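1. Below is the sequence, then the predicted model.
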Amino acid sequence: MEIRDYLKILRKRGWIIVVLALLAAGLAFGISRVQTPVYKAKVSVSVMPARPDWGLGNTAKDLLRNFAVNIKTHKTARQVIDRAHLDMSTYDLLSKVEVNPVGDQFLIEIAAEDQEPAVAVTIAMAFANQFIDERNAYYQQQDKADRIEVKLVDDIIDAPLFKPKPLLNAIAGLVLGALLGLLIVFALEWLEADILRTPAAVERSLGVAVLGTIPAEASQPARGAKRGQKTAPTPAA
């Protein structure tokens, strides 16, 4: 197909793409607006060796994964609930928390989600402080040169809106709706691909010149005659 053929298709069926794109964008935006907002607070905990030793540094990196596993346990969750006076079960609390080790930066990231931003901050900070207190209590018993310093990277924590994001969802819906409309248009054109509608299409398909066409009106039955009804013969004079 040539470019002008694609342009004809868009002029003929482009409204399908536009309508589906707008419907999908509106639906995504509407659903996002009625959803309950969820806020996410993130705390970064620094886990650095006390001295710039290659072996101690690698040990600290290896320990990050173990620290992350031990932070997200029911035991720690119970301690956090008592510490922050939270009214929830350990299962509910752990479902709100995400812990990720970042080895190349000697960090552990603790994120908490909640419908209230203040609660999200409280949960994230409680987990971080509980971990810091436990680690510091343990390393106080070690030689100072072999210790690993554990502390908050920053003590000011925000809880921005995490989801939903109506505008972003509307843009995604617009794109997906347009793609769906484009697929429908090409499907319709594929179903009608074997229909030759113009003399130029006949010439391209058969490779012969078209000498004449039958007007559409000539192929229609007379307006006064009903389909399937026989006309009476004209009596001979």
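-> Arrived safely.
2. right, and the helix or strand after the host helix or strand of Val43?
-> Per DSSP states H and E, Val43 falls inside strand 38-49. Going down the chain from strand 38-49, the next helix or strand is helix 54-71, by DSSP H and E.
3. what's the angle between the following helix or strand past that next one and helix 54-71?
-> Remark: after helix 54-71, the chain's next helix or strand is helix 74-84, criterion DSSP H and E. For helix 74-84 against helix 54-71, the angle by axes from the mean of the first three to the mean of the last three C-alpha atoms, to 10 degrees is 80 degrees.
4. Quick one: residues in contact with helix 74-84.
-> 70, 86, 88, 90-91, 93-94, 97, 122-123, 126-127, 129-131 (C-beta atoms under 8 Å, 6 or more residues apart in numbering). In short, each C-beta sits where N, CA and C put it, glycine included.
5. That one: how far from the chain's middle?
-> 33 Å (C-alpha atoms, centre = their mean, to the nearest Å).
6. then that helix to CSV, C-alphas only?
-> Provided in CSV are the C-alpha atoms of helix 74-84 (Å, rounded to 0.1, in the frame of the first residue of the first chain):
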residue,chain,number,x,y,z
HIS,A,74,7.2,-10.8,62.3
LYS,A,75,9.6,-10.4,65.3
THR,A,76,10.7,-7.0,64.1
ALA,A,77,7.1,-6.1,63.2
ARG,A,78,6.0,-6.8,66.7
GLN,A,79,8.8,-4.6,68.1
VAL,A,80,7.8,-1.8,65.7
ILE,A,81,4.1,-2.0,66.7
ASP,A,82,5.1,-1.6,70.3
ARG,A,83,7.5,1.1,69.6
ALA,A,84,5.2,3.2,67.5
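7. after that helix, next one along is what?
-> helix 90-95.
8. which stretches of the chain form strands?
-> Remark: strands assigned in the chain by DSSP state E are 38-49, 97-102, 107-114, 148-152, 161-163.
9. so can I have JSON lines of those showing mean neighbour count?
-> JSON lines is the format used below for the strands of the chain (neighbours: other C-beta atoms under 10 Å):
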{"stretch": "strand 38-49", "mean neighbour count": "20"}
{"stretch": "strand 97-102", "mean neighbour count": "18"}
{"stretch": "strand 107-114", "mean neighbour count": "22"}
{"stretch": "strand 148-152", "mean neighbour count": "17"}
{"stretch": "strand 161-163", "mean neighbour count": "14"}
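10. on that earlier part again, so which pair among the contacts of helix 74-84 is furthest apart in space?
-> Pairwise distances across the contacts of helix 74-84 (C-beta to C-beta) peak at 21.6 Å, for the pair Tyr91 and Asn129.
11. So for those two, which sits in the more crowded spot?
-> Asn129 (16 against 9; other C-beta atoms under 10 Å).
12. residues near the residue lying closest to that one once chain neighbours are set aside, how many?
-> Excluding the flanking residues, the one nearest Asn129 by C-beta to C-beta, 6 or more residues apart in numbering is Arg83, at 7.4 Å. The number of residues packed near Arg83 is 16, by other C-beta under 10 Å.
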